[in-house]
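S.K.: need coordinates for the below:
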Amino acid sequence: MQVHIDLPRLNQQHFDRWLALWRVTTSELLDQAHAEIFVKKAEFMAERLLSAIDLYHDPPVANVVSSN
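M.R.: Just a heads-up that it's a prediction; the model follows:
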């Protein structure tokens, strides 16, 4: 995970491209049933990585109560 966070900011377009390449590769190397399994796993990984990257680069703002 840290390797991906340390890269210049990855975004949805990067993961869409990676998944497109992954879909082509799996369809060329595997039968349809196995390709679908690997694609689903890759989609899950992409979602988790992008969420972590977004959280790291855009941390939620803490609710701070002013004491005026």
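
S.K.: distance-wise, check the residue positioned nearest the centre of the chain relative to D16.
M.R.: Among the residues of the chain, the one closest to the centroid is A46, at 2.6 Å (C-alpha atoms, centre = their mean). For A46, the distance to D16 equals 8 Å [C-beta to C-beta, to the nearest Å]. Quick note: C-beta positions are derived from backbone N, CA and C, even for glycine.

S.K.: show me where the protein has strands.
M.R.: With strands called from DSSP state E, the chain shows none.

S.K.: pLDDT weak spots in this protein?
M.R.: The chain contains residues with pLDDT under 70 at 60-68.

S.K.: in the top helix by length along the chain, which residues are buried?
M.R.: The longest helix of the chain (DSSP state H) is helix 32-57. Within helix 32-57, the residues that count as buried by 16 or more other C-beta atoms under 10 Å are 35, 38-39, 42, 46, 49-50, 53.

S.K.: coming back round to it: excluding chain neighbours, what is closest to the residue nearest to the centre of the chain?
M.R.: Of all residues not flanking A46 in the chain, F15 sits nearest, at 4.3 Å (C-beta to C-beta, 6 or more residues apart in numbering).

S.K.: was I right to think the one you found contacts S51?
M.R.: No: F15 is beyond contact range of S51, at 10.7 Å (criterion: C-beta atoms under 8 Å).

S.K.: distance of the closest residue to L50 other than its chain neighbours from W22?
M.R.: Spatially, and ignoring its direct neighbours in sequence, L50 is nearest to F15 (5.5 Å; C-beta to C-beta, 6+ apart). Distance, F15 to W22, using C-beta to C-beta: 10 Å.

S.K.: for D58, same thing?
M.R.: Between D58 and W22 the computed distance is 26 Å (C-beta to C-beta).

S.K.: in contact with A52, which residues?
M.R.: Counting by C-beta atoms under 8 Å, 6 or more residues apart in numbering, A52 makes contact with 1, 4-5.

S.K.: try A42
M.R.: Neighbour list for A42: 18-19, 22 [criterion: C-beta under 8 Å, 6+ apart].

S.K.: residues contacting L50?
M.R.: Applying C-beta under 8 Å, 6+ apart, the residues near L50 are 10-12, 15.

S.K.: buried subset of those residues, written for PyMOL?
M.R.: For the buried members of the contacts of L50, the matching PyMOL selection, counting by 16+ other C-beta under 10 Å, is:
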select buried, resi 10+15
